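Engineer: Sharing a sequence plus its predicted fold:
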Amino acid sequence: MQGEEQIDAPGDTVTFENMYFALLGAAEDFRTAKNPDIRKSIHCLEAILICNPPSRIEVRTRLQIAHLMWMYTKNLDYALEHLQKALSKVRELTAMEEVKLEITSLLASVYMKKHKNAEAVKLLNETIELAINYQFWYCQMCFQLAKANMDLGNISAAVTTLAAGAEYAGRINAQNTRILFSLSQAMALLVQRNFDVADVILKEVGVILENAEQSGLALTKAEVLSLKVFHHVLQVSEYIWQGMIKSARQCLKQLHSCYKQLTQLDASATQTVVAHNTAEAFYWMSPQQLFLLVYVVSVMHALQQGYTDKAESYALKALHLIEKQRTYDNDTILSAYQLILLEQLVLTYLLHGNTSKALKELHKCTNVYQKHHTHLKHHRVALHTALGLYAMVLPDGLDNAQAQFTAALKHTAEPEQIAFIKLNSAIVHLKQGLPSEQLHSLLESIEPSKMPNKCHSLKASSYCIQGIAAMFEGRLPDAKRKLRETVVMANKADLNKLTGCAFLLLASIFMKMGNYKDAIDMVKSASEIAYRIPDTSLQLWSVDLLATLHGKSEQPEEEAHFTTKKLEILNTMDSETSKAVNLPEHNLLQWLDSEFPACSMSMV
């Protein structure tokens, strides 16, 4: 609560002063009790307002009530009402500049929580220059203004604000906050896909952090490690976005190492310290949030490598931690983490051949999406895409898959998402035997040269699909050339599933050309990948080709062996798909145009 205030009330000053301090003390006692009673604390503060206090007292009291409502309740409308009245009143008063800035900052936070980001931007733009002589509040408002602009999609404005914050923090020698601003700027640039400028910032910050101790920067060990975690998260994320999974490996190791060192520090060393320079009182995330984020990027990295067992293990551990954390923290970032992890689990189970499990996780995804729709609306495209991938593994599911991909495209303007969806749509159309004219038009739109800039994995996938199309049309030399390019690119980036697919397609070409020995060698290489990562569809494809190849090579025992293995995998997959299509969650495939799936929350 705020400190004591000089009383200058009309009427019986002594009586009012006694009443004010009694109510203020009672409010604090209720707030700090072993079993806090926030409702009674707020009632005590409301009682002060009933006494018609002086303007300065009224402003501070309304701010205190708003703080309690913000921290302990969900009644943002009541907090908003008090903050707006306090702001209106404080504008008439002198020598209360810092209180005005505190009210403005909290009001902006309430606006953002209520998804009124435009109001937050307007308010902060009107006030931020007044904060220039108050280091903490200027930095705080820069961070808030950048976030509000990011949420509105005004990324360029956010980048400009963060750059101004970094320059200001450097000028006042707030080194921790300066680096936080720079890393936040790099993060915004990555979202903007401005990789070149982001890379410059990341390289500069990396050098600063590596030499922090030798250069005498006024940073604690906990601050350096926390900033390194932020830095490595951005590096790994950039590599994942670009599909350069092998390049991310070393950064991921460094991320795990820094986080481990951070957790081994004494608890007191990791607490946020408000130094004499209050502009240093900022940190990126709480230790709990950092822990979960390390898991999230690790899951995404493992899945893109194709290591589904590792991805599943990480995801399940992280989801368990989220459920434990929810008992005392219901922050929206937990819901964002939860949805990302569930989406990764869906893909993992589809690769494992656990179709029914994948569908159940998809149902959980739609529930989280519906419950936190305002914060997570951008995830709708991922949910439709996942439903399309689920439909692709079902018998007679290609029409449903195409419908889901079409629905997904309506909800995104992101080049990477559009390319990924179109690549999968092309596979569907190839399986359906789309007329040549339509197919060529689609293939032209997903040529390697038309893939998003610097997105290595999408470009490699494009070569693969162009190779499949060439195979279908009997252009075997062209197909072989494109598939070999796929292998080179996939190996360079550690894209194991794509490498396996390209090997099997090349084996099919060799088989058509009568080169059974090279074909078998290719399939064996693919099979090793399929069982190592593991991937059920690649396993089935491998044993099917091996059975056929050994039959053509007049090796009946080997043919019989691989035919038996093929039937075992088919029976397991058929059992799984049969189980899935009979689940009520299968009706999620009907979700195309409505805001939410009709069958979502009703099945909880």
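Structural biologist: Nice, I can see it.

Engineer: what about the helix or strand Gly165 falls within, distance to the chain center?
Structural biologist: Applying DSSP states H and E as the criterion places Gly165 in helix 155-171. The chain centroid and the centroid of helix 155-171 are separated by 23 Å under C-alpha atoms, centre = their mean, to the nearest Å.

Engineer: give the contact list for Leu345.
Structural biologist: Residues counted as contacts of Leu345 (C-beta atoms under 8 Å, 6 or more residues apart in numbering) are Ala311, Glu312, Ala315, Leu316, Leu319, Ala358, Glu361. Just so you know, the C-beta spots here come from the backbone N, C-alpha and C atoms, and that holds for glycine as well.

Engineer: And those residues, which is closest to Met451?
Structural biologist: Lowest distance from Met451 to these (C-beta to C-beta) belongs to Ala311, with 24.2 Å.

Engineer: ok, the closest one - contacts?
Structural biologist: Val299, Ala302, Leu303, Gln344, Leu345, Thr348.

Engineer: how about the residue nearest to Cys464 when sequence neighbours are not counted, phi and psi?
Structural biologist: Distance criterion C-beta to C-beta, 6 or more residues apart in numbering; nearest residue to Cys464, sequence neighbours excluded, is Thr486 at 4.3 Å. Reported as degrees, to the nearest 10, the phi and psi values for Thr486 are phi -60, psi -50.

Engineer: quick one, what contacts Thr486?
Structural biologist: Ala460, Ser461, Tyr463, Cys464, Gly467, Leu498, Thr499, Cys501, Ala502.

Engineer: And for Val296?
Structural biologist: Ala318, Tyr337, Ile340, Leu341.

Engineer: where's it relative to Lys253, distance?
Structural biologist: 17 Å (C-beta to C-beta, to the nearest Å).

Engineer: With Ser425 instead?
Structural biologist: In terms of C-beta to C-beta, Ser425 sits 36 Å off from Lys253.

Engineer: Without its sequence neighbours, what residue ends up closest to Gln404?
Structural biologist: Using C-beta to C-beta, 6+ apart, the closest residue to Gln404 is Gly388 (3.5 Å).

Engineer: And that neighbour, which helix or strand is it part of?
Structural biologist: Per DSSP H and E: helix 380-392 holds Gly388.

Engineer: Would you mind getting the angle between the very next helix or strand once past that helix and helix 380-392?
Structural biologist: For helix 380-392, the succeeding helix or strand toward the C-terminus, using DSSP H and E, is helix 398-409. Helix 398-409 and helix 380-392 are oriented at 170 degrees to each other (axes from the mean of the first three to the mean of the last three C-alpha atoms, to 10 degrees).

Engineer: avg pLDDT for helix 398-409?
Structural biologist: The pLDDT scores in helix 398-409 average 98.

Engineer: ok, now stretch 158-172?
Structural biologist: pLDDT averaged over stretch 158-172 gives 97.

Engineer: Pull the distance from it to the chain's centre.
Structural biologist: Distance of stretch 158-172 from the chain centroid (C-alpha atoms, centre = their mean) equals 25 Å.

Engineer: tell me which residues of it are tucked away?
Structural biologist: For stretch 158-172, a neighbour-count test (16 or more other C-beta atoms under 10 Å) marks Ala158, Val159, Thr160, Thr161, Leu162, Ala163, Ala164, Gly165, Ala166, Tyr168, Ala169 as buried.
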